[in-house]
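Undergrad: structure for this input, please:
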Amino acid sequence: MTSVADEEPLAGAVLTVSVEAPTSRRRRVLRVATLPLRVYAAGLGVLDEPSFGDVVVRRRDDASEVLRVAVHGSEETAIQVAHVRAQLEELTEDEFLERWSID
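TA: Numbers count the residues shown, from 1 in each chain. The predicted structure follows:
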């Protein structure tokens with residue numbers, strides 16, 4: 001029988017998730033690559049939903065970046081953040097890092 005003290009803490013105790021602006025290089029590529037599509041969509045009267053950035057997982061103690069996933073649009077952002085939060089609440093740190101293939 002194991003005690004609570006012997007169990008590894010959940011990933012959420014040492015990691016946190018947030019949505020951050022994309023890196024400057026990715027921002028430039030997105031602007032250039034999506035410009036023709038945005039012009040076409042604007043001509044059709046379709047509203048262009050902006051890129052929301054990246055879902056970023058950081059260590060709580062030193063704020064070092066552990067994981068960065070690019071997301072586009074509000075629905076994909078919400079789904080990805082909810083998915084990562086659920087994993088942080090259910091998995092240990094080692095299990096979380098293994099699941100995302102992080103060394």
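
Undergrad: if I look at Leu10, how far off is Glu89?
TA: To Glu89, Leu10 is 6 Å away according to Cβ to Cβ, to the nearest Å. To be clear about C-beta, it is placed using only N, CA and C from the backbone, and glycine gets the same treatment.

Undergrad: likewise for Glu7?
TA: Counting by Cβ to Cβ - Glu7 and Glu89 are separated by 15 Å.

Undergrad: more neighbours: which of Leu10 and Glu89?
TA: Leu10 (17 against 11; other Cβ atoms under 10 Å).

Undergrad: confidence score at that one?
TA: As predicted, Leu10 sits at a pLDDT of 96.

Undergrad: and Tyr40, by the same measure?
TA: 62.

Undergrad: so which elements touch the helix or strand where Ile79 lies?
TA: Per DSSP states H and E, Ile79 falls inside helix 74-90. For helix 74-90, the elements it packs on are strand 15-20, strand 53-59, strand 65-71, helix 93-99, judged by 3 or more Cβ pairs under 8 Å, 6 or more residues apart in numbering; DSSP states H and E.

Undergrad: would you mark the buried spots in it?
TA: 76-77, 80-81, 84, 87-88 (16 or more other Cβ atoms under 10 Å).

Undergrad: so who does Glu93 touch?
TA: 8-11, 13-15 (Cβ atoms under 8 Å, 6 or more residues apart in numbering).

Undergrad: returning to that earlier point: from the buried residues of helix 74-90, which is closest to Phe96?
TA: The nearest member of the buried residues of helix 74-90 to Phe96, counting by Cβ to Cβ, is Gln87 at 5.7 Å.

Undergrad: distance of the residue lying closest to that closest one once chain neighbours are set aside relative to His72?
TA: Once flanking residues are discounted, Gln87 sits nearest to Phe96: 5.7 Å by Cβ to Cβ, 6 or more residues apart in numbering. The gap separating Phe96 from His72 is 24 Å, by Cβ to Cβ.

Undergrad: perfect, I'm done here.
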